[in-house]
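Trainee: What follows is a predicted structure for the sequence shown.
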There are 2 protein chains.
Amino acid sequence: MSDYKLPANVGKLHFKDLLPVNPNGEENTRIFLSKLNEILTDFVRDTSDRNEKVLHFKFPEDMRASLDLDLADGPVDLQQLLDDCHVTLKNQVKTGHPRFFNQLSCGLDLISMAGEWLTATANTNMFTYEIAPVFILMEYVVLERMRQIIGWKGGDSILAPGGSVSNLYAFLAARHKMFPQYKEKGLTSVPGQLVMFTSDQCHYSVKSCASVCGLGTDNCVEVPSDERGRMIPSELERLIVERKSKGHIPFFVNATSGTTVLGAFDPINDIADICEKYNCWLHIDAAWGGGLLLSKKYRHPRFTGVERADSVTWNPHKLMGALLQCSTIHFKDEGLLLSCNQMSADYLFMPDKLYDVSYDTGDKVIQCGRHNDIFKLWLQWRSKGNDGFETLMDHLMGLSEYMVERMKQMPDKFYLCLPEPECVNVSFWYIPTRLRNMPHGPEREQILGKICPILKGRMMQEGTIMVGYQPDDRRPNFFRNIISNGACRKEDVDFLLAEFDRLGHDL
Amino acid sequence: MSDYKLPANVGKLHFKDLLPVNPNGEENTRIFLSKLNEILTDFVRDTSDRNEKVLHFKFPEDMRASLDLDLADGPVDLQQLLDDCHVTLKNQVKTGHPRFFNQLSCGLDLISMAGEWLTATANTNMFTYEIAPVFILMEYVVLERMRQIIGWKGGDSILAPGGSVSNLYAFLAARHKMFPQYKEKGLTSVPGQLVMFTSDQCHYSVKSCASVCGLGTDNCVEVPSDERGRMIPSELERLIVERKSKGHIPFFVNATSGTTVLGAFDPINDIADICEKYNCWLHIDAAWGGGLLLSKKYRHPRFTGVERADSVTWNPHKLMGALLQCSTIHFKDEGLLLSCNQMSADYLFMPDKLYDVSYDTGDKVIQCGRHNDIFKLWLQWRSKGNDGFETLMDHLMGLSEYMVERMKQMPDKFYLCLPEPECVNVSFWYIPTRLRNMPHGPEREQILGKICPILKGRMMQEGTIMVGYQPDDRRPNFFRNIISNGACRKEDVDFLLAEFDRLGHDL
């Protein structure tokens, strides 16, 4: 028996009875989409309900056995399709739940969601003004605003499918600017081994660039970071000099603004000085931390000097809460993106069009077709205004500070990896009763590290909270809590801490 | 005065009065989303209505001036947000209109659209089973089915943000398999210049791969094609031998199944023989033509030998009509995708999780986060069944054949570039009255080519139909008509041809 019952005569129909295949299908289409709307809105309601669980965990094999995922020869009817939607959501993790702290992207911004429904309905590609006129103009407006916030006049930007691809665009532009011949001739035309630099805390996509683009990961040099996870500038300089002495060509430095695990911000001004001295492109991967550019309170010192960068990655789908996915890459130079990536496909980008073809963006990207990732962000920005985004940033940072403060009040139960986090990442160990009198040190950390997966397993099976854990290069497993959901409140932080204790005290 | 009026007390509210920010906002959220649903469904109705125009063209500057795209400091209210949605859609090109023939992706599959609404609402990332359990399982089921249709047992696949990135994955996997040391050491560790081959009709993303990955476009060799746009195998062999004699290393051949402009299918078996002989990876870019794998009538001879390929790109968002975007890349070998792209990010892909971590896909891709592109395809597949997809393919091909047949009945008005197209691409010139007695040849083609942009301009300003044009390497501008909308019928083809005549006869 379905929870979402269409009238029987409609439920037995099939896709071909609806618009647009059946031009007389308007009434049935309305009934079908209204019922879908009900299912989706109920999910939003459950996601917002603190009495609902974050997830109902099932092991993959059990999940598979409990679902009918078959693709049969014949069609299923409209009622079955709605049942499929309902069952899918029932088994989905509520990433928008105020007690989901597991990922850099948490939350469900309702207006951004509305924007994404419209995006789906408009179903267009972003390569030309011809087929996406309003959306192309929205890209202009929003991306220009974002560059202004970075501190630039002019420049160029593009939306990409995720921060990793955004970082790849930066790498490609840097290589093209310094070695324009490589586009046709390839890397072997460059007079020496190219080398890039990034901190040992950077996102793994930076290393992936080196692999994809033919440098090899050995030529992506990891610069040591300090105890708070920030790149050490003197180490950067030492490593650049070392590589130069081997005849290599350092050309690209990635500074991270908001590292994935610890939320550290590399010191931009110091790094920019070194880049100037050694003629390296400075890229800032602010995929994660970028949102804090919008806050007067938190922008400095984290982003001091950001305008000196050559390129900046900034993902609105992270701290700003835009729906997945929404990633931007910005360049100080205009024209570089086009000359780097242009393949001049005659069939799309003809110079003899009716309108000014400089509005066509398709030849700036390596993707050809691009999903429309702008409308959900534009509409969300309208709904909040600049001030609303600033309030959101301050709210998220404030909650994280509250969490740290509460943990410091319970030093027997929680041990912070960093006493003063710079972002909404809070890294810590939970300490079960039996270990509370043990002095903290490598031995206790080893035991605490082994407890993380067990405690995480309990969380998932209880379904009341979700928090991620991981090891890093200097610690065994520890928890990393993320507050990036605008709907989160102090009471959720209190609940979270109490739940760690309830689920973990006996471990 | 808005066409979509919320009750005044609701219209004046703001995002923060709705779920999830306001947990008591359920009622207002329902009212807001219902009204949005009305706007979206009305757009679907208009898109399906042959009396509605495909677009209301405005020049970029006029469009910009007519819209309020401003991002202000303060928030706009819910009524304004709905008005924004309405105005955006009013100015959007209806890519789902049965008389939009402009792009490889036409149409608006209602069930796939419903799937995308749900995807937005679930708002999750696809890197781990932990946060996307059902969707990860759906990827398994659908991608396995697609590999079976290709003709493989086992293998591996992934969804990528568009065919260009899918082709890039194929290139990376091929390079990794042949030269596993390049991942760490880079291209300079390979004992000679790597060279790839593709036809001169291929999608430009293949050349882009060569640029991105450091080969340089000079090392992406264009193989001549025959008069129907199909790669000439003997030319491929000649060029491979030529490069080998220079000490280069041919390693990758791209065969296109459905070229972008002419819709040509390269002869797979002949190319596969050559790849075997010279130890090259065979990739098939079936981004466009892939849908025809589903049709018993049209699969052969186009795809005969496809199971001999090492990798296949296939975009369900093209012929199959899934919503944008939905692109897949398939590999015959299992494990290659992981070993090629794995960067082993500890913070996401821990081996000590509660469940079998082989379900986590994030370490197989260069993107880290991935948009959920599976649900819209899975739901659509359920709604049609295998048989329904086959019927769709046969319907689209049948309509294209009908169009060609009708054109042949009017040889004074239409001149076909290819008399027997292999796909739903129909390439032709429209001949205005004054040129009908002129013998066809290079001179008339030049004049007809100059007419294309003018006629296209008239179309856009009338808004009744949209068809693309482009030059190619052997012709000046010509029209390329695409029928990939399941809602299209013979009457639309008749209308299209009549409209060319109405808009163009006096040119």
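Mentor: Received, thanks. Residues are numbered from 1 along each chain as shown, chains lettered A, B, ... in the order given.

Trainee: quick one: low-confidence ranges for the stretch 201-350 of chain A?
Mentor: Residue ranges of the stretch 201-350 of chain A with pLDDT under 70: A:344-348.

Trainee: can you list the residues of it near chain B?
Mentor: For the stretch 201-350 of chain A, the residues found near chain B under the criterion CB under 8 Å from any CB of the partner chain are A:203-205, A:207-208, A:210-219, A:260-261, A:323-325, A:341, A:343-348, A:350. Using the backbone N, CA and C atoms, a C-beta is placed for each residue, glycine as well.

Trainee: try 7 Å this time
Mentor: For the stretch 201-350 of chain A, the residues found near chain B under the criterion CB under 7 Å from any CB of the partner chain are A:204-205, A:207-208, A:211-219, A:260-261, A:323-325, A:343, A:345-347, A:350.

Trainee: Tell me which of these fall in helices.
Mentor: Among those, the members found in helices (DSSP state H) are A:S205, A:K207, A:S208, A:S211, A:V212.

Trainee: contacting residues around the third one?
Mentor: The contact partners of A:S208, by CB atoms under 7 Å, 6 or more residues apart in numbering or on different chains, come to A:S164, B:M343, B:I366.

Trainee: Look up how far A:M460 lies from the closest residue to the second one other than its chain neighbours.
Mentor: Among residues not flanking B:M343 along the chain, A:Y204 sits closest, at 4.0 Å (CB to CB, 6 or more residues apart in numbering or on different chains). The gap separating A:Y204 from A:M460 is 24 Å, by CB to CB, to the nearest Å.

Trainee: Kindly report the same for A:S427.
Mentor: 20 Å.

Trainee: cool, A:R302 as well?
Mentor: Using CB to CB, which is the criterion applied here, A:R302 is 33 Å from A:M460.

Trainee: can you give me the strands for the stretch 301-450 of chain A?
Mentor: Remark: strands of the stretch 301-450 of chain A, listed N- to C-terminal, are A:311-314, A:327-331, A:414-416, A:425-430; assignment by DSSP state E, counting those that start in this stretch.

Trainee: shaky segments in chain A?
Mentor: Counting by pLDDT under 70, the low-confidence segments of chain A come to A:1-2, A:344-348.

Trainee: Report the outermost residue of it with respect to its centre.
Mentor: Counting by CA atoms, centre = their mean, the extreme residue of chain A relative to its mean C-alpha position is A:N9, 43.7 Å from that point.

Trainee: what helix or strand does it sit in?
Mentor: helix A:8-11 (DSSP states H and E).

Trainee: starting at the chain centroid, how far to that helix?
Mentor: Centroid separation for helix A:8-11 versus its chain: 41 Å, with CA atoms, centre = their mean, to the nearest Å.

Trainee: buried sites along that helix?
Mentor: Burial within helix A:8-11, assessed by neighbour count using 16 or more other CB atoms under 10 Å in any protein chain shown, is assigned to A:V10, A:G11.

Trainee: what's downstream of that helix, the next helix or strand?
Mentor: Under the assignment DSSP H and E, the closest C-terminal helix or strand after helix A:8-11 is helix A:26-48.

Trainee: Mind listing residues that contact that following helix?
Mentor: Under the contact criterion CB under 7 Å, 6+ apart, helix A:26-48 has outside partners A:4, A:6-7, A:10, A:13, A:17-19, A:52, A:78, A:82, A:85-86, A:89, A:94, A:96-97, A:108, A:110, A:487, B:19-20, B:23, B:26, B:29-30, B:33-34, B:37, B:41, B:44-45, B:110, B:114, B:117-118, B:121.

Trainee: can you state the direction angle for it and helix B:26-48?
Mentor: Relative orientation of helix A:26-48 and helix B:26-48, computed by axes from the mean of the first three to the mean of the last three CA atoms, to 10 degrees: 150 degrees.

Trainee: Counting neighbours, which bits of helix A:26-48 end up buried?
Mentor: The neighbour-count check on helix A:26-48 (16+ other CB under 10 Å) flags A:26, A:28-33, A:35-48 as buried.

Trainee: Could you do stretch A:223-230 as well?
Mentor: Neighbour-count burial for stretch A:223-230, with 16+ other CB under 10 Å as criterion, is recorded at A:V223, A:S225, A:R228, A:G229, A:R230.

Trainee: list the contacts for the third one?
Mentor: Right, the one you point to is A:R228. Residues counted as contacts of A:R228 (CB under 7 Å, 6+ apart) are A:A264, A:L418.

Trainee: circling back to that earlier point, what's the spacing between the residue nearest to B:M343 and A:A210?
Mentor: For A:Y204, the distance to A:A210 under the criterion CB to CB works out to 11 Å.

Trainee: The two: which is more packed in?
Mentor: Set side by side, A:Y204 and A:A210 show unequal neighbour counts under other CB atoms under 10 Å in any protein chain shown, the larger going to A:A210 at 24 against 20.

Trainee: For that one, which non-adjacent residue is closest in space?
Mentor: A:C220 (3.7 Å).

Trainee: Near that neighbour, how many other residues are there?
Mentor: 24.

Trainee: Hmm, it is touching A:S211, no?
Mentor: No - contact between A:C220 and A:S211 fails when scored by CB atoms under 7 Å: they sit 8.1 Å apart.

Trainee: outside of the strand ranked longest in chain A, which residues touch it?
Mentor: With DSSP state E setting the assignment, residue counts place strand A:249-256 as the longest strand in chain A. Strand A:249-256 is contacted by residues A:171, A:174, A:178, A:192-199, A:201-203, A:206, A:231, A:236, A:240, A:243-244, A:266, A:268, A:271, A:275, A:278, A:280-285 when judged by CB under 7 Å, 6+ apart.

Trainee: same thing with stretch A:57-71?
Mentor: Taking contacts as CB under 7 Å, 6+ apart, the residues outside stretch A:57-71 that touch it are A:87, A:91, A:460-461, A:463, B:129, B:133-134, B:137-138, B:141-142, B:145, B:355-356, B:359, B:381-382, B:386.

Trainee: Please point out which parts of it sit buried.
Mentor: Neighbour-count burial for stretch A:57-71, counted by 16+ other CB under 10 Å, picks out A:F57, A:K58, A:P60, A:M63, A:R64, A:L67, A:L69, A:L71.

Trainee: Rebuild the residues you listed as CSV, extending it with secondary structure.
Mentor: What follows is those, written out as CSV (DSSP: H, G, I helix; E, B strand; the rest coil):
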residue, secondary structure
A:F57, coil
A:K58, coil
A:P60, helix
A:M63, helix
A:R64, helix
A:L67, coil
A:L69, coil
A:L71, coil
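
Trainee: Let me know the closest of the residues you listed to B:S295.
Mentor: When those are compared for distance to B:S295 (CB to CB), A:L71 wins out at 16.4 Å.

Trainee: ok and whichever strand or helix holds A:R502 relative to strand A:425-430, angle-wise?
Mentor: Element membership of A:R502 [criterion: DSSP H and E] is helix A:490-504. Between the direction of helix A:490-504 and that of strand A:425-430, the angle (the same axes, to 10 degrees) works out to 30 degrees.

Trainee: what packs against helix A:490-504?
Mentor: Secondary structure elements in contact with helix A:490-504, counted by 3 or more CB pairs under 7 Å, 6 or more residues apart in numbering or on different chains; DSSP states H and E, are helix A:375-408, helix A:442-462.
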